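Participant: got a predicted structure here, sequence first:
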Amino acid sequence: MKRETHTSRHQETKPRQLAILGSTGSIGTQTLDVIRQHPDQFEARVLTAGDNADLLIRQAREFMPDAVVIANEDKYVMVCEALADLPIKVYAGAEALCGVVEMPSINIVVAALVGFAGLPSTIRAIEARKTIALANKETLVVAGALITSLAVANRVPILPVDSEHSAIFQSLAGETQNPIEKILLTASGGPFRNHTSDELKSVTAAQALQHPNWEMGAKITIDSATMMNKGFEMIEAQWLFGVAPKNIEVLIHPESIIHSAVQFADGSVKAQMAMPDMRLPIQYALAYPQRLTLNIERINFYELGAMHFAQPDTERFRCLAIAYEAAARGGNVPCVVNAANEVANLAFRQGKISFPRIAQIIDETTAKVPFSNEATLECFLETDREARIVAQALIS
């Protein structure tokens with residue numbers, strides 16, 4: 001009997017209809033590249049951007065979505081005029097980001113907005129019962145209990161797009177009955193993994209933005225340098241896979257070939273490996289449970305030769321320890337940490353504070369903002385607002 005291939009099955013189905021929130025960012029542009037490789041499998045029905053109207057216009061003319069959203073309302077007229085000859089609806093503002101995810105034609109919402117700003121639209125997408133391809137880790141960092149309970153109530157799958165969480169997800173395939181003993185969350189260590197504490201005092205944003213392995217947006221690249229990104233990924237893994245933080249171990253792996261792994265009760269470890277390329281986890285989430293062909297570099301084990309592993313230094317990279325402390329305290333503490341980090345991250349990029357000061361500001365903000373165990377959107381919005389005010393005052 002002839003074996004039916006994934007490709008032949010897919011060609012009989014209607015293309016999956018995507019809303020890409022943050023289409024002009026790193027994840028958004030790479031998602032569009034996946035669509036270019038598989039136009040028979042995926043269609044971009046909604047594209048959104050924060051401020052980059054020029055790129056949004058070019059994307060809209062190429063992919064012909066039903067609608068686009070520019071969050072910066074000052075650029076609404078510019079986008080409207082540029083797309084006036086096309087049957088594309090143009091919207092502007094934060095509320096429009098939430099409204100477009102409810103469009104009946106949408107199957108999958110790619111949540112790729114940066115930071116806390118991605119939370120409201122993700123909630124609306126879950127309530128509209130859209131499959132979530134989650135690239136915005138802050139959504140689960142800030143509101144993990146709320147998001148997971150909403151997903152269960154609405155029977156909505158949350159498919160991870162981060163390379164580390166995708167690796168864990170792939171390693172768990174076929175293991176539903178087997179409890180996880182430990183998650184091994186790999187980290188490149190960023191550009192400063194070999195710097196001393198004294199050397200870190202004088203590093204610049206330009207140096208921090210030179211990531212050795214990945215091409216990412218500015219905010220997440222700085223988070224990688226401080227290792228706050230890995231701390232946030234630990235919190236995200238806690239909610240995605242139901243594993244306690246104490247059973248999630250961060251492992252420095254400079255080559256970024258093993259994207260993460262799972263250890264089971266018998267001592268077996270399953271890992272997912274590939275060359276560093278975000279299009280792979282993006283495509284895996286969009287096509288799940290099928291694997292499609294993907295034009296990316298393959299591993300050459302002969303050239304690779306060896307892989308290296310090390311324990312992270314949480315004294316030099318205090319942000320990782322802060323994330324574990326926030327996960328242990330729970331409540332609104334991760335929300336405070338996220339807000340303070342966004343403020344401090346930006347201040348460092350603007351040259352207003354030193355690299356070590358990022359962690360200090362987060363610590364000081366966490367000490368000043370009152371604790372709350374209320375898992376509601378209103379609580380998180382208020383906590384986020386208050387934490388940003390405190391953090392900004394510490395910088396000023």
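Facilitator: Done, it's in. Numbers count the residues shown, from 1 in each chain.
Participant: helix or strand: which one has the closest residue to Arg388 other than its chain neighbours?
Facilitator: Nearest non-adjacent residue to Arg388, counting by CB to CB, 6 or more residues apart in numbering: Ala339, 5.0 Å away. C-betas here are computed from N, CA, C, even on glycine. Taking DSSP states H and E as the definition, one finds Ala339 inside helix 333-349.
Participant: do Ile20 as well
Facilitator: Assessed by DSSP H and E, Ile20 sits inside strand 16-21.
Participant: before we move on, what about Thr186?
Facilitator: Per DSSP H and E: Thr186 is located in strand 180-187.
Participant: mind saving the C-alpha coords of that strand as PDB?
Facilitator: These are the backbone C-alpha positions of strand 180-187, laid out as PDB (Å, rounded to 0.1, in the frame of the first residue of the first chain):
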ATOM      1  CA  ILE A 180       8.800  15.200  32.800                       C
ATOM      2  CA  GLU A 181      11.600  14.900  35.300                       C
ATOM      3  CA  LYS A 182      13.500  18.000  34.100                       C
ATOM      4  CA  ILE A 183      13.500  20.500  31.200                       C
ATOM      5  CA  LEU A 184      16.900  21.500  29.900                       C
ATOM      6  CA  LEU A 185      16.400  25.100  28.600                       C
ATOM      7  CA  THR A 186      19.400  25.900  26.500                       C
ATOM      8  CA  ALA A 187      20.900  29.400  26.200                       C
END
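Participant: average pLDDT for it?
Facilitator: Averaging pLDDT along strand 180-187 gives 97.
Participant: buried residues in that strand?
Facilitator: Residues of strand 180-187 classed as buried by neighbour count (16 or more other CB atoms under 10 Å): 180, 182-187.
Participant: from memory the residue nearest to Arg388 sits against Ala387, does it?
Facilitator: Yes - using CB atoms under 8 Å, Ala339 makes contact with Ala387 at a distance of 3.7 Å.
Participant: between these two, what contacts are shared?
Facilitator: Thr365 (CB atoms under 8 Å, 6 or more residues apart in numbering).
Participant: and these two? Which one has more around it.
Facilitator: Ala339 (30 against 27; other CB atoms under 10 Å).
Participant: which residues touch the nearest residue to Ser372 once chain neighbours are set aside?
Facilitator: Spatially, and ignoring its direct neighbours in sequence, Ser372 is nearest to Asn332 (4.5 Å; CB to CB, 6+ apart). If a contact means CB under 8 Å, 6+ apart, then Asn332 has 369, 371-374, 379-380, 383 as its contacts.
Participant: filter these to the buried ones?
Facilitator: Buried subset of the contacts of Asn332 (neighbour count, 16+ other CB under 10 Å): 369, 372, 379-380, 383.
Participant: hmm, back to that, the strand holding Ile20 packs against which elements?
Facilitator: Secondary-structure packing of strand 16-21 (3 or more CB pairs under 8 Å, 6 or more residues apart in numbering; DSSP states H and E): helix 26-37, strand 42-49, strand 108-111.
Participant: then the last one to CSV, C-alphas only?
Facilitator: Below are the C-alpha coordinates for strand 108-111, written out as CSV (Å, rounded to 0.1, in the frame of the first residue of the first chain):
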residue,chain,number,x,y,z
ILE,A,108,-4.3,31.1,13.4
VAL,A,109,-3.1,34.3,15.2
VAL,A,110,0.7,34.7,15.2
ALA,A,111,1.2,36.7,18.4
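Participant: hmm, who's touching that strand?
Facilitator: Applying CB under 8 Å, 6+ apart, the contact partners of strand 108-111 are 16-22, 27-28, 31, 101, 118, 121-122, 125, 130-136, 139, 161, 282, 286.
Participant: tally of neighbours for Ile296?
Facilitator: Number of residues near Ile296 (other CB under 10 Å) recorded here: 14.
Participant: show me where this structure dips below the pLDDT cut-off.
Facilitator: Within the chain, the segments meeting pLDDT under 70 span 1-12, 212, 214-215.
Participant: for the nearest residue to Lys89 once chain neighbours are set aside, list each beta-bridge partner.
Facilitator: Nearest in space to Lys89, with sequence neighbours left out and distances taken as CB to CB, 6+ apart, is Ala67 at 4.2 Å. Applying DSSP bridges to Ala67 gives these bridge partners: Val46, Lys89.
Participant: Ala67 is in contact with Met103, isn't it?
Facilitator: Yes - the criterion here is CB under 8 Å, and Ala67 meets it with Met103 at 7.2 Å.
Participant: ok, Gln350 - how many residues close by?
Facilitator: Residues lying near Gln350 (other CB under 10 Å) number 10.
Participant: for it, give me its contacts.
Facilitator: Ala205.
Participant: next, it: phi, psi?
Facilitator: Note on Gln350: backbone dihedrals following degrees, to the nearest 10 are phi -90, psi 0.
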